[in-house]
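**Student:** let's see this in three dimensions:
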Amino acid sequence: MPKYFIIAYDIFDTKRAYKVRKLVYEYAMGGQKSALEVLLNKAELKEIIEKIKPLLKDDDRVNILEVEEMPLLLGRADVLAYDKGVIIV
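**Tutor:** Numbering: from 1, shown residues only. A predicted model of the protein is given here:
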């Protein structure tokens, strides 16, 4: 069963930042700039970690935070329906 995660990154090189951003946005459901909400199952979580690792250097930082319960949504935020294979724009 998929779980919500927040992936936040701070990459010090523009080219590496672009590569990480492009990778994370493939999984993103929302968020802003370098902090994105993703819905991942265990296999997808492992996959994204393995893809990110080779892109990082010593000064870079990526935090993947699991959201234990349904997120608290404020303002116009809404939980998005997610089906594998659906592209959310």
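**Student:** what about the helices in this structure?
**Tutor:** 14-25, 42-52 (DSSP state H).
**Student:** mind listing what's buried in the last one?
**Tutor:** Burial within helix 42-52, assessed by neighbour count using 16 or more other Cβ atoms under 10 Å, is assigned to 44-45, 48, 52. From N, CA and C alone the C-beta is placed, and that goes for glycine too.
**Student:** list the contacts of it.
**Tutor:** Outside helix 42-52, the residues that touch it by Cβ atoms under 8 Å, 6 or more residues apart in numbering are 2, 5, 7, 20, 23-24, 27, 38, 40, 62, 64.
**Student:** recalculate using a threshold of 10 Å.
**Tutor:** When contacts are defined by Cβ atoms under 10 Å, 6 or more residues apart in numbering, helix 42-52 is touched by residues 1-3, 5, 7, 9, 19-20, 23-24, 26-27, 38, 40-41, 60, 62, 64, 66, 84.
**Student:** cool, and stretch 16-35?
**Tutor:** Residues contacting stretch 16-35 (Cβ under 10 Å, 6+ apart): 4-11, 13, 36-40, 44-45, 47-48, 51-52, 54-57, 59-60, 62-65, 77-82, 88.
**Student:** for the record, mean pLDDT for it?
**Tutor:** Mean per-residue pLDDT for stretch 16-35: 84.
**Student:** partner strands of the lowest-mean-pLDDT helix or strand in the chain, parallel or antiparallel?
**Tutor:** In the chain, the helix or strand scored least confidently by mean pLDDT, DSSP states H and E is strand 28-32, which has a mean of 74. Sheet pairing of strand 28-32 (DSSP bridges) gives strand 35-40 (antiparallel).
**Student:** what's the angle between the strand it pairs with and helix 42-52?
**Tutor:** 140 degrees (axes from the mean of the first three to the mean of the last three Cα atoms, to 10 degrees).
**Student:** distance from strand 35-40 to the middle of the chain?
**Tutor:** Centroid separation between strand 35-40 and its chain, computed with Cα atoms, centre = their mean, to the nearest Å, is 4 Å.
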